[in-house]
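Enquirer: please find the sequence and the predicted model below.
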Amino acid sequence: MKYYDLLIGIAAFLAAHVLAFFQLNGQFFKIDWFRKNEVLVAAFGFILSFFYIWGTKYTVNGFGGLLWPARFIGFGVGMIIYAIGVSHYFNEGISFKTMVSLGLALTLICIQVFWK
């Protein structure tokens, strides 16, 4: 396992999911800019795609060419970022069901990273 590539891949997934959170949920903020500029927000998806591509590339490389671990890590990171964003920006809180789901997402990441 190449930990340096894995860390770059996780960082790219983190950036991608944070940016995607704002791209998709910005329309629900109290700021009208996202609602008034849908085309521009959608066009930013072109740039955003590179972060997903890099996240997949480096995570797959970090796991010696295996694709499944990269998918699970991308999913797990996305679940955690979304839960934090919804809780922080929309005050939806984290229910017990969501907490269990986040625990499972974190478990997926840990299994892929630490299970030899």
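Expert: Yes, it's here. Numbers count the residues shown, from 1 in each chain.
Enquirer: let me know the pLDDT of the residue in the chain sticking out farthest from the centre.
Expert: For the chain, the largest distance from the centre (Cα atoms, centre = their mean) belongs to residue 36, which lies 25.3 Å off. Looking at residue 36, its pLDDT is 93.
Enquirer: I'd like the mean pLDDT over the host helix or strand of residue 81, please.
Expert: Residue 81 is part of helix 68-90 when elements are defined by DSSP states H and E. If you average the pLDDT over helix 68-90, you get 91.
Enquirer: give me the buried positions along it.
Expert: Buried residues in helix 68-90, defined by neighbour count with 16 or more other Cβ atoms under 10 Å: 69-70, 72-74, 76-83, 85-86. Every residue, glycine included, has its C-beta placed from N, CA and C.
Enquirer: and of those residues, the nearest to residue 28?
Expert: Closest to residue 28 out of the buried residues of helix 68-90 is residue 86 (10.0 Å), distances taken as Cβ to Cβ.
Enquirer: the closest one contacts residue 92, correct?
Expert: Yes. If you go by Cβ atoms under 8 Å, residue 86 and residue 92 touch, sitting 4.9 Å apart.
Enquirer: can you name the element that comes right after the helix holding residue 81?
Expert: Following helix 68-90 in sequence, per DSSP H and E, is helix 96-114.
Enquirer: who touches that following helix?
Expert: Helix 96-114 has contacts (Cβ atoms under 8 Å, 6 or more residues apart in numbering) with 6, 63, 68-69, 72-73, 75-77, 79-80, 83, 94.
Enquirer: would you point out the most distant pair within the residues you listed?
Expert: Across those (Cβ to Cβ), the longest gap, 29.7 Å, separates 63 and 94.
Enquirer: what about the two, which has more around it?
Expert: The residue with more neighbours, out of residue 63 and residue 94, is residue 63; 20 against 13, by other Cβ atoms under 10 Å.
Enquirer: which residues are in contact with the nearest residue to residue 59 once chain neighbours are set aside?
Expert: Nearest residue to residue 59, sequence neighbours excluded (Cβ to Cβ, 6 or more residues apart in numbering): residue 9, at 3.2 Å. Residue 9 is in contact with 54-62, 70, 73, counting by Cβ under 8 Å, 6+ apart.
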